[in-house]
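[1] can you look at this prediction? I've put the sequence above it.
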Amino acid sequence: MHIPDGFLSLPVSAASGALSLGGLSLAVSRVQKKFQDRTIPLMGVMAAFIFAAQMFNFPIAGGTSGHLLGGVLAAVVVGPFAATVVLTCVLIVQCLLFQDGGLLALGANILNMGIIGTWTGWALFVVVKKILPKSLGMKTGVFVGAWLSVVIAAAAAAIQLGLSGTASMSVVLVAMISVHAIIGIAEGTITVLIISFLEKVKPELILNRV
Amino acid sequence: MGKRALFLSLLVPIVIAALALLFASQAPDGLEKVAGELRFLARSKELIGAVMPDHFFSRISSPFWRGFLTSTTGVVVVFLVTIVVVWLMRGVGRLISSDKR
């Protein structure tokens, strides 16, 4: 879902960049307030894992592929604000070294995946975890949160494309949400499997365990 | 997290990156698919060149090993960049809190 250069207009790129800077500042200040030394290597490993996982495109229906976004995975393990910092580092390296995502679209990509997707997915995870009992709440929350993170990030990208005049807003919104609703199922499943595995072998790594 | 655990934890993304080289789907991702169907894929531009694949391991002839070295370097770079960023964040945070006192 990395938007390349050329898809977004300059005003939309600039506005997305400004919004992502604001979100990132908030995330950095919150991480600084609740900082734990043990999370430094964990955030590094999480970033490396998400970077590698995003290389692994899995096939979905209709000749399309998807890859892990990793926002909710990181949010559950290191917290939502630290997850934004992790995703931002991943997106910057992908953009500058691997040309995965455009330079002018970097702000939009951080906003969509690192902020909007991660925080809304995290919020749904927290709500579901509170409503449902322990283990079921954790797994269901992780699944629906991860699914929503992909769909909402895709919707945000579609709105940016619509506002840029790249495609008709309603058409691109429906198309992006339809495709990413399926990719989100894989995101949810993979995230639940990884969190369940971590809960079994290294539960102390998960900041938000049951 | 001890040094051994850290080393083992970093092996996981390196293995995933290697598996991705062998088994990842070559089909377009969600955005590429939509861009192709709605006919705006051709708008995609390259403002900067990809640093890693073109310059660093071009002498290695095997596509798998070239890709493996590229992706492993990427994993290590992402890890180091994140550690440095978070370490700097911690330093700045401590400076701010000591100034307030």
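    Right, received. Where do you want to start?
[2] biggest helix in chain B by residues?
    helix B:63-100 (DSSP state H).
[3] show me the contacts for the spatially most central residue of chain A.
    For chain A, the residue nearest the mean C-alpha position is A:G71 (3.2 Å; Cα atoms, centre = their mean). By Cβ atoms under 8 Å, 6 or more residues apart in numbering or on different chains, the contact set of A:G71 is A:A83, A:L87, A:M113, A:G114, A:G117, A:T118, A:G121, A:W122, A:A146, A:S149, A:A153. Using the backbone N, CA and C atoms, a C-beta is placed for each residue, glycine as well.
[4] show me what the longest helix of chain B is packed against.
    helix A:10-33, helix A:39-55, helix A:80-98, helix B:3-23 (3 or more Cβ pairs under 8 Å, 6 or more residues apart in numbering or on different chains; DSSP states H and E).
[5] rewinding a little: pull the most distant pair out of the contacts of A:G71.
    The distance between the two most remote of the contacts of A:G71 (Cβ to Cβ) is 14.6 Å, for A:G114 and A:A146.
[6] what number of residues lie near A:L104?
    22 (other Cβ atoms under 10 Å in any protein chain shown).
[7] and it, what does it touch?
    Per Cβ under 8 Å, 6+ apart, neighbours of A:L104: A:D5, A:L8, A:L10, A:S13, B:L47.
[8] one more time with 6 Å, if that's ok
    Counting by Cβ atoms under 6 Å, 6 or more residues apart in numbering or on different chains, A:L104 touches A:D5, A:S13.
[9] tell me the pLDDT at it?
    Looking at A:L104, its pLDDT is 95.
[10] name the SS class of it, please.
    coil (DSSP: H, G, I helix; E, B strand; the rest coil).
[11] quick one: it and A:H2, what's the gap?
    Here the distance between A:L104 and A:H2 works out to 13 Å (Cβ to Cβ, to the nearest Å).
[12] state the mean pLDDT of stretch A:25-44.
    Stretch A:25-44 shows a mean pLDDT of 86.
[13] residues contacting that stretch, please?
    A:78, A:81-82, A:84-86, B:1, B:6, B:79, B:82-83, B:86, B:89-90, B:93.
[14] please save the CA atoms from that stretch in PDB.
    Provided in PDB are the C-alpha atoms of stretch A:25-44 (Å, rounded to 0.1, in the frame of the first residue of the first chain):
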ATOM      1  CA  SER A  25       5.400  14.600  17.400                       C
ATOM      2  CA  LEU A  26       2.600  13.400  19.600                       C
ATOM      3  CA  ALA A  27       3.900   9.800  19.400                       C
ATOM      4  CA  VAL A  28       7.400  10.900  20.300                       C
ATOM      5  CA  SER A  29       6.400  12.900  23.300                       C
ATOM      6  CA  ARG A  30       4.200  10.100  24.600                       C
ATOM      7  CA  VAL A  31       7.000   7.500  24.100                       C
ATOM      8  CA  GLN A  32       9.400   9.900  25.900                       C
ATOM      9  CA  LYS A  33       7.000  10.100  28.900                       C
ATOM     10  CA  LYS A  34       6.500   6.400  29.300                       C
ATOM     11  CA  PHE A  35       9.900   5.300  28.200                       C
ATOM     12  CA  GLN A  36      11.300   2.000  29.300                       C
ATOM     13  CA  ASP A  37      14.900   1.100  28.600                       C
ATOM     14  CA  ARG A  38      13.900  -2.500  27.700                       C
ATOM     15  CA  THR A  39      11.800  -1.300  24.800                       C
ATOM     16  CA  ILE A  40      14.800   0.100  22.900                       C
ATOM     17  CA  PRO A  41      16.100  -3.200  21.500                       C
ATOM     18  CA  LEU A  42      12.500  -4.500  21.200                       C
ATOM     19  CA  MET A  43      11.500  -1.600  19.000                       C
ATOM     20  CA  GLY A  44      14.600  -2.200  16.800                       C
END
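[15] and that stretch, how far out from the chain middle?
    The chain centre lies 17 Å from the centre of stretch A:25-44; the measure is Cα atoms, centre = their mean, to the nearest Å.
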